[in-house]
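Novice: Predicted model follows, preceded by the sequence.
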Amino acid sequence: MNFNGWGNFEDLLKACGYTNFSDDNANSGCNDIPNGFQSLPPELFAIIGEILGNIIAGNIPFNVQNVIGNWLELVGQVILVFNSQQQYFESGPGRYYNPSNYNVDNPFCSTNSTSSTSNTSSTSTTSKSSNSKSNDIDKIKDLEKQVQELTSEINKIKILLQKE
């Protein structure tokens, strides 16, 4: 296969903007597995799967395609079930995909990371958390007011019932 000047798959990914190939801070817990997929955009990740599927399917008979495809689906489903249960067990319901959530729940990554994506994430997370704290305080005040109003109404009803 001709990669149009790219020597290998890693060069193709670099040409597409994926640059997570350094082993700096390998023991910090902040890095993905070597040559991992953490900073790879989901659209590019899906396209890579589609390309590999077309390459594999184009070189084998249809009955073998069916067997291999079904087996790969089974393997993928088992991995997905295992991962989703682990993720739900550890974190509960999660967030929707957003680049600003990059490593937001990783306790091993410092907020002073040199990565601009990480800095953007920690800044937006901090501002969101301060906004949510002020919203929570407002909600608590409203709830306290409602409780006082309900208590007043209950007392009025008790007084009316005692008069009867």
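Specialist: Noted; the coordinates are in hand. Numbers count the residues shown, from 1 in each chain.

Novice: just checking, what packs against the strand or helix carrying residue 84?
Specialist: According to DSSP states H and E, residue 84 maps onto helix 62-91. Applying 3 or more Cβ pairs under 8 Å, 6 or more residues apart in numbering; DSSP states H and E, one finds that helix 62-91 makes contact with helix 42-57. No exception for glycine: its C-beta is placed from N, CA and C like everyone else's.

Novice: separation between residue 147 and residue 45?
Specialist: With distances taken as Cβ to Cβ, to the nearest Å, residue 147 is found 50 Å from residue 45.

Novice: same deal with residue 135?
Specialist: 35 Å.

Novice: One more: residue 71?
Specialist: 21 Å.

Novice: same check, this time on residue 79
Specialist: For residue 79, the distance to residue 45 equals 15 Å [Cβ to Cβ].

Novice: Can you give me the neighbour number for residue 109?
Specialist: Number of residues near residue 109 (other Cβ atoms under 10 Å) recorded here: 20.

Novice: which regions of the chain sit below the pLDDT cut-off?
Specialist: Within the chain, the segments meeting pLDDT under 70 span 1-35, 92-94, 110-131.

Novice: ok, now with 50
Specialist: Along the chain, the model assigns pLDDT under 50 to residues 1, 3, 22-27, 112-122.
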